[in-house]
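Engineer: The following comprises the amino acid sequence and a computationally predicted model.
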Amino acid sequence: MFEPIKNPYIVGNPIKGTKMFFGREDDFAYVKTKFTASKDGGLMVLCGARRSGKTSILFQILDGRLGEDFVPVLIDMQSMAIRNDEDFLGKLTGLICDAFPEAEKSDESAAKSKTPFTIFEEFIAGLEPKLNDRKLLLAFDEYELIETQIDGGVLTEQLLHLLAGLIEHRQLYVLFTGSDHLEARDKPYWDVFLSKALYRRVSFLSYGDTMRLIKEPVDGLVEYADGVPERIAAATAGQPFYTQVVCQSVVDHLNDVSKRDVDDDDLATVLEYVIENPLPQMIFHWNAYAPAEKLVLAIIADLARGGALNINAAAIHGFAVEEKIGYAFDEQALNKLLESLFHGDMLTKAAEGEIYSYKMGLWQRWVGRMHSTWQVLDEIEKEQVDLAGSGLIKLEKKHSRKGVLIPLVGILAAVVLAFFFRGQIMSRFEGEVQVQMPGGETISAADAARVTFESNPPAQVRLNGRPIGVTPMTSAVRPGAAEVRFELNGYGTFVDSVRFARNETTTVAHDLVASVGYVNVDSDPPGAAIIVDSKTLQKTTPTKLTFRVLERPTIELRLAGYNPYTIGRLTIVEDSTINTIAKLSLRRGTLTVRSNPSDAMVLVDRELMEQPTPISISGLEYGEHELILKLNGYEEHRQPFSIPWPKDDMMVNLTPLKPGYIIFKIIPYATSILVNKQDISVVAQNFKISHAPGEVEIEMLGPSGSPFVKKYIVASGDSVVVQHTFGD
């Protein structure tokens, strides 16, 4: 009988415990290292997009992630209701006292004549001797709300001056988290306060941590088919919130269908459900975008769905013109929009060139399905959105989407040429003007037919096999049947038989279809991410890719734990398939392990290393490992770690074992006692001493009889009894 799977995934709330929190080791190491190195206090700002896990990081810090040298205090600006500076500082004092019970509030009667700022400064000063070199860390979540409170008259700028003074003179440490970059804080009162701040961006999880989040919480409960975890990672790009959303939905789906294995069909069902039933957070995120941003995202989704590989500002402009959406983009404003969406983690940008794509495949599919270009345009029209300053320009007339797609330049050129041609010929019809046909032949203008040739993109025109020009163009031709060809390298040739009538105008128009070839991309092992010309595709090996014959793609394969593999520029052959397979080699790194004290025995993945700490271990495969350090008198240290490790250097402070005890019961008494050859200078019958855990040798002399020598094992926290009676 199927037992429902307990769903471990957390959606909507910050992660407070350590069980479901993965990664961010480099962020914690950065905060700890920078603040530990600073002797005069410090200020740091962690910025990241919505739902990137910033609040969860603060909860981990509150839970002691930075170690015993820090006393963290969490201040949630979103939930704190305050009336003024005094109210805020009073509540901040209370939060500090909750986190650090040794703190003492100022005497209320003595504080009546002092300002709230003086009271708080004296309170912080009074903490210094009690902290014993520990660092008081104030962690403000949603710090931008301080600006909202200042602008609303609830708080004053003096609060920032107070914090700045405490950081500099009272060794106070302040950590801010927020969604905006520092440069977005353009109010003058931030200038001095943030000028010395350290900045760190909180982005998505690493690939390895994403795979851990997908697999480890349901290890032994859910069985993934090959490639399914990789496809989840591709859909979410390691964004923690959406990874939890998809994984939670997977477990819910398995419980609904009473099974424990997940295949491609199950994942497709789950992703379809998430797209059709988006969480409120997804809708709120979308609604927070301006109309121009929504339109750009919709166009990129539509282009991607149509197979476009290199989406840049020009491609977006081209889409707007070709689809006749009735709007145009200001070039500078469009570039700014794309950069803003990139820095907001909605889009990713190629390392070279301004090529953009969705960072999360899930969002691309949702926008393409639920918020197409035409739906966004309808919303703009219905809501009569004010587009002033948005960079989006409404054209005089919104053209229909129906008909042949012809670039605006082509239309204008065709109209101008047609008008010129008509003026040259029609004005002379009565005088039997002779006109020249393609190829040099002349006939009476009255007997000629007129033809406008249009194509997208522009192409060579052949009439009965003879080249006559490039579209868009207008020409006089002899009446009757003729073969028309549009030819362009990299596109399929258009061929049509057309009958031209005397003294009439005919239009021949066609959209050319790009010629394509195919590449089968495979790797050993499979599941590698595919990067084509610096753009990461939402696909993994093995897969089949489609390219235009004019393209010379460079394909790079990347798989966590393996060295990148590059397939050089390929020559695409029309309607043919190129087969490629890459043998991936394991990536390896080096880690230096130090301990305090040194000379600890080192085991990596339960394999004993040749020397104790400090030791430099090379040839470690990229990925997850386990470190074990053992040293007599100290607790065994176990720690998971991943390669690559930040700065390739790890320092471990070993924890001394609790001492054990030796209880002596001697009759009648001992005149000399040595413990491990050390004279403890005691002459007594019954007494007790503490001793570090380990083997000890006891030597005793009595008033008579033979010497006593014996070895014992002292265990941490336990007692061993040494009992002996000396003879007469």
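Structural biologist: Thanks, I have the structure now.

Engineer: CA only for contacts and neighbour counts going forward, please
Structural biologist: Noted.

Engineer: which residues of the stretch 201-350 of the chain fall in strands?
Structural biologist: Counting by DSSP state E, counting those that start in this stretch, the stretch 201-350 of the chain has strands at residues 223-224, 261-262, 327-329, 347-349.

Engineer: Paired strands for the third one, with orientation please.
Structural biologist: Partners of strand 327-329 in the sheet, by DSSP bridges, are strand 392-394 (antiparallel).

Engineer: So what's the residue count around V154?
Structural biologist: 16 (other C-alpha atoms under 10 Å).

Engineer: and what of E454?
Structural biologist: 27.

Engineer: The one 10 residues further on now?
Structural biologist: Neighbour count for N464, taken as other C-alpha under 10 Å: 13.

Engineer: so how far is R260 from it?
Structural biologist: 66 Å (C-alpha to C-alpha, to the nearest Å).

Engineer: what's the answer for E68, then?
Structural biologist: From E68 to R260 the distance is 42 Å (C-alpha to C-alpha).

Engineer: What of I468?
Structural biologist: I468 is 67 Å from R260, by C-alpha to C-alpha.

Engineer: So if I had to pick from these two, which one is more boxed in?
Structural biologist: R260 (19 against 16).

Engineer: R260 - nearest residue in space that isn't next to it in sequence?
Structural biologist: In space, R260 comes closest to V222 once its chain neighbours are excluded; the distance is 5.0 Å by C-alpha to C-alpha, 6 or more residues apart in numbering.

Engineer: which residues sit in contact with the closest residue to S249 other than its chain neighbours?
Structural biologist: Nearest non-adjacent residue to S249, counting by C-alpha to C-alpha, 6+ apart: V270, 6.2 Å away. Applying C-alpha atoms under 8 Å, 6 or more residues apart in numbering, we find V270 in contact with V246, S249, V250, H253.

Engineer: Next, count neighbours for the second one.
Structural biologist: In this case it means S249. 20.

Engineer: And A103, its phi and psi?
Structural biologist: Phi and psi for A103, reported as degrees, to the nearest 10, are phi -70, psi 150.

Engineer: Hmm, it is touching C97, no?
Structural biologist: Yes: the criterion here is C-alpha atoms under 8 Å, and A103 meets it with C97 at 5.4 Å.

Engineer: And the two? Which one has more around it.
Structural biologist: A103 (19 against 15).

Engineer: For the more buried one, list the residues it contacts.
Structural biologist: Residues near A103 by C-alpha under 8 Å, 6+ apart: I96, C97, G126, L127, K130.

Engineer: Most neighbours of all those residues, which one?
Structural biologist: I96 (23 neighbours).

Engineer: In the record's domain split, what are the boundaries for this structure?
Structural biologist: 25-201, 207-280, 289-394, 408-511, 516-583, 588-653, 660-725 (automatic domain parsing).

Engineer: Nearest to E3 among the ones you listed would be which one?
Structural biologist: domain 207-280 (8.0 Å; C-alpha to C-alpha).

Engineer: and the end-to-end length of the closest one?
Structural biologist: OK, domain 207-280 end separation, C-alpha to C-alpha: 26 Å.

Engineer: Need the pLDDT of the residue nearest in space to the middle of the chain.
Structural biologist: Nearest residue to the geometric centre of the chain (C-alpha atoms, centre = their mean): F204, 2.1 Å. Here, the pLDDT recorded for F204 equals 78.

Engineer: Could you double-check that it lies in contact with A237?
Structural biologist: Yes: counting by C-alpha under 8 Å, F204 touches A237, with 7.2 Å between them.

Engineer: ok so, going back, which ones among the contacts of V270 map onto helices?
Structural biologist: V246, S249, V250, H253 (DSSP state H).

Engineer: beta partners for V519?
Structural biologist: Going by DSSP bridges, V519 forms beta bridges with L545, I578.

Engineer: gap between it and T566?
Structural biologist: 14 Å.

Engineer: Counting neighbours, go ahead and name the busier of those two.
Structural biologist: More crowded of V519 and T566, by other C-alpha under 10 Å: V519, with 18 against 15.

Engineer: was I right about that one contacting K544?
Structural biologist: Yes: here V519 lies in contact with K544, judged by C-alpha under 8 Å, at a distance of 5.7 Å.

Engineer: So T348 versus N312, what's the distance?
Structural biologist: 12 Å.

Engineer: my bad, K294
Structural biologist: K294 is 16 Å from N312, by C-alpha to C-alpha.

Engineer: again with D302
Structural biologist: With C-alpha to C-alpha as the criterion, D302 and N312 are 13 Å apart.

Engineer: next one: Q538
Structural biologist: Counting by C-alpha to C-alpha, the gap from Q538 to N312 is 18 Å.

Engineer: what do you get for I325?
Structural biologist: 18 Å.

Engineer: go on, T541?
Structural biologist: T541 is 26 Å from N312, by C-alpha to C-alpha.

Engineer: Name the helix or strand of the protein that has the lowest mean pLDDT.
Structural biologist: None of the helices or strands of the chain scores lower by mean pLDDT, DSSP states H and E than helix 408-426, at a mean of 41.

Engineer: any idea of the mean pLDDT for stretch 490-503?
Structural biologist: 87.

Engineer: buried residues in it?
Structural biologist: G490, Y491, T493, F494, F500, A501, R502, N503 (16 or more other C-alpha atoms under 10 Å).

Engineer: One more: stretch 653-661?
Structural biologist: Neighbour-count burial for stretch 653-661 [16+ other C-alpha under 10 Å]: L654, P656, L657, K658, P659, G660, Y661.

Engineer: same check, this time on stretch 604-616
Structural biologist: Buried residues in stretch 604-616 (16+ other C-alpha under 10 Å): V604, P612, T613, P614, I615.

Engineer: Turn these into JSON lines, including secondary structure, distance to R485 and pLDDT.
Structural biologist: Formatted as JSON lines, those follow (DSSP: H, G, I helix; E, B strand; the rest coil; distance: C-alpha to C-alpha, whole Å; pLDDT from 0 to 100):
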{"residue": "V604", "secondary structure": "strand", "distance to R485": "70", "pLDDT": "93"}
{"residue": "P612", "secondary structure": "coil", "distance to R485": "79", "pLDDT": "90"}
{"residue": "T613", "secondary structure": "coil", "distance to R485": "77", "pLDDT": "88"}
{"residue": "P614", "secondary structure": "coil", "distance to R485": "76", "pLDDT": "88"}
{"residue": "I615", "secondary structure": "strand", "distance to R485": "74", "pLDDT": "88"}
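
Engineer: Tell me which two of the residues you listed sit farthest apart.
Structural biologist: V604 and P614 (13.8 Å).

Engineer: Return the set of buried residues in stretch 505-524.
Structural biologist: So, applying 16+ other C-alpha under 10 Å, buried residues of stretch 505-524: 505-506, 509-510, 512, 514-519, 521-523.
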